[in-house]
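Enquirer: How does the following fold in three dimensions:
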Amino acid sequence: MYLIILSVTGKATDSTKSPFSDKLMMNITSLITSSAIGYNALGTSFSMRSDLHTKLAMISKNIFDYSKEGGKIMITHKWMEEPPQNTI
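Expert: Okay, the predicted model is just below:
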């Protein structure tokens, strides 16, 4: 029997540039916070414990506030697209 060990190691560099763009990181953060709010709501709806609803609502509020600040940053840098408008 052979044991194969694969190791994924990165090498540290002296680079000061980020490997990812700020726009990409903000979009990923926005996606994660949106998912967190949805999953928190789903967990709240299926929870049988009545004491958790208030705590999860406060956590959702904090996530929403964090997401809102990220949205403001994206709008400031013009990274967020304008949603479709009703033209009637």
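
Enquirer: Let me know the helix or strand that the residue sitting nearest the centre point of the chain is in.
Expert: Nearest to the geometric centre of the chain sits Ile32, at 2.3 Å (CA atoms, centre = their mean). Secondary-structure assignment from DSSP states H and E places Ile32 in helix 22-46.

Enquirer: and that helix, which residues are buried?
Expert: Of all the residues in helix 22-46, those buried under the rule 16 or more other CB atoms under 10 Å are 26, 30, 33, 36-37, 40, 44. (C-beta placed from N, C-alpha, C; glycine too.)

Enquirer: Do me a favour and average the pLDDT over that helix.
Expert: The average pLDDT within helix 22-46 is 91.

Enquirer: With stretch 51-71 instead?
Expert: Stretch 51-71 shows a mean pLDDT of 91.

Enquirer: For Ser47, what are phi and psi?
Expert: With angles defined as degrees, to the nearest 10, Ser47 shows backbone torsions of phi -80, psi 130.

Enquirer: That one is in contact with His53, isn't it?
Expert: Yes - because the distance of 6.8 Å satisfies CB atoms under 8 Å, Ser47 is recorded as touching His53.

Enquirer: circling back to that earlier point, remind me what the helix holding Ile32 packs against, helices and strands.
Expert: For helix 22-46, the contact count by 3 or more CB pairs under 8 Å, 6 or more residues apart in numbering; DSSP states H and E identifies helix 52-76 as packing neighbours.

Enquirer: What lies in contact with the helix it packs on?
Expert: Taking contacts as CB atoms under 8 Å, 6 or more residues apart in numbering, the residues outside helix 52-76 that touch it are 26-27, 29-30, 33-34, 36-37, 40-41, 43-44, 47, 80.

Enquirer: What is the distance between the helix holding Ile32 and the centre of its chain?
Expert: Between the mean C-alpha point of helix 22-46 and the mean C-alpha point of its chain there is a distance of 5 Å (CA atoms, centre = their mean, to the nearest Å).

Enquirer: Equivalent analysis for stretch 29-48, please.
Expert: When C-alpha coordinates are averaged (CA atoms, centre = their mean), stretch 29-48 and its chain have centres 11 Å apart.

Enquirer: What are the contacting residues of the helix holding Ile32?
Expert: 18, 52-53, 56-57, 59-60, 63-64, 66-67, 70-71, 73-74, 77, 79.
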